[in-house]
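Visitor: how would this look folded up:
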Amino acid sequence: MLWTGPVLTANGFVDGWFDPDSGEKGDGKPPPGPAMDGVILPSFRNCHTHLGDTLARGEAPDEPLAELVGPNGFKHRWLSGADVAASITAGLREAAGSGTALILDFREGGEPGLEQLSRGATNAGWCVEQGAPQVIPFGRANDGWPLPGRNAGLPGLKDLAPGAGQRMAIEARVLGGLVALHFSEVEREPIELMLEHEPDFLIHLCNCSDKDLRAIAEMRLGVVICPRSNARFGLRPPLEELLALGVDVGLGTDNGMLCTLDMLAELRFCRETFPDVAPEVLLQLACQGLDETLKKAIECNRIVGLPGGRILLSQLQADPLEAVFDPRTKVLATRFTCE
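Guide: Numbers count the residues shown, from 1 in each chain. Next up, the predicted model:
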């Protein structure tokens, strides 16, 4: 069955159609046949998750962030006794059902953590590192060595043992992978120490100075913000400043125990939190987040390729852009592809 309605393009919304069976698309009047009407968008990218704790949602105590997710906090105690693969499966199914085709997931737990991701992804019908929908893991070694997989997902600097972060970053480079780092989330961290890890992109940045942000922009580092998760702890990422500096920005939902993996929910929260950012820009971040960083990684053969596809949303307002942000809007159908 064809999808018909406003289609988001590089030039805004235009009336058109999409055939989810063949992948064909066009502007204007659709071919004859049955059709579903709605708003047609590119699939979403969720650029930062911790899928393993999804099934802990609703159980997390009201504690400061460091006590909740730190090395001896609630999260890691919960993970030690949980079926992590099942939790990952639940998170991936939730993400796919809300239109997400690509997830960049931080995998704690060393090599067993990657094995849990593989089982969880298989059960959810997701692919790891190649295919669609796709999850790309960013591993973390239990003691800094060896790195599981080829991408390094590093915690905040204060949670790293001396030299451990540098060792994981070096190994990721040797293996041809990417390096991502939590940075200046709860308090400002030294940018000089961050640079020693040579990251490709950073997460959070809620407590960076203006000077830090300018330096990050000059170095062309990507940045992923997680507004809903940060807000739980009274934090706010500097999205307006990042965009003004031309930084390559992506959106993430962070820990599955704290927030749903629904990118539409993240978008709506962003519109409330960042009223000076145009809704068109927010939608672009959800569909093409971290685009410069990821495309550069493809050119350098550091990732195989990116999944894509289309999603069909219900249209409850005449303006398709307003329909996307309407809290009543639902995902009617998805079609994920390798692009």
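Visitor: make it CA atoms for all contacts and neighbour counts henceforth
Guide: OK.
Visitor: got the domain boundaries for the chain?
Guide: 2-40+310-338, 43-306 (automatic domain parsing).
Visitor: in TSV, list these along with mean neighbour count.
Guide: Formatted as TSV, the domains of the chain follow (neighbours: other Cα atoms under 10 Å):
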stretch	mean neighbour count
domain 2-40+310-338	17
domain 43-306	20
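Visitor: now those as CSV including mean pLDDT?
Guide: Output for these, formatted as CSV (pLDDT from 0 to 100):
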stretch, mean pLDDT
domain 2-40+310-338, 96
domain 43-306, 95
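Visitor: can you give me the helices in the chain?
Guide: With DSSP state H, the ranges of helices along the chain come out as 65-69, 74-80, 84-97, 110-124, 164-174, 191-195, 210-218, 227-231, 239-244, 263-273, 279-288, 291-299, 320-325.
Visitor: ok, which of the ones you listed comes nearest residue 10?
Guide: Counting by Cα to Cα, residue 10 lies closest to helix 279-288 out of the helices of the chain; the figure is 9.5 Å.
Visitor: between the closest one and helix 263-273, how big is the angle?
Guide: Orientation check (axes from the mean of the first three to the mean of the last three Cα atoms, to 10 degrees): helix 279-288 against helix 263-273 gives 150 degrees.
Visitor: what is the distance between helix 279-288 and the centre of its chain?
Guide: The chain centre lies 13 Å from the centre of helix 279-288; the measure is Cα atoms, centre = their mean, to the nearest Å.
Visitor: packing partners for it?
Guide: Judged by 3 or more Cα pairs under 8 Å, 6 or more residues apart in numbering; DSSP states H and E, the packing partners of helix 279-288 are strand 44-50, strand 249-251, helix 263-273.
Visitor: touching that helix from outside, list them.
Guide: With contacts defined as Cα atoms under 8 Å, 6 or more residues apart in numbering, helix 279-288 is touched by 42-46, 249-251, 263, 267, 270-271, 321.
Visitor: likewise stretch 206-215?
Guide: Under Cα under 8 Å, 6+ apart, the answer for stretch 206-215 is 184-189, 191, 235-238, 241-242, 245.
Visitor: isn't residue 333 right up against residue 311?
Guide: Yes - with contact defined as Cα atoms under 8 Å, residue 333 reaches residue 311; the gap is 5.8 Å.
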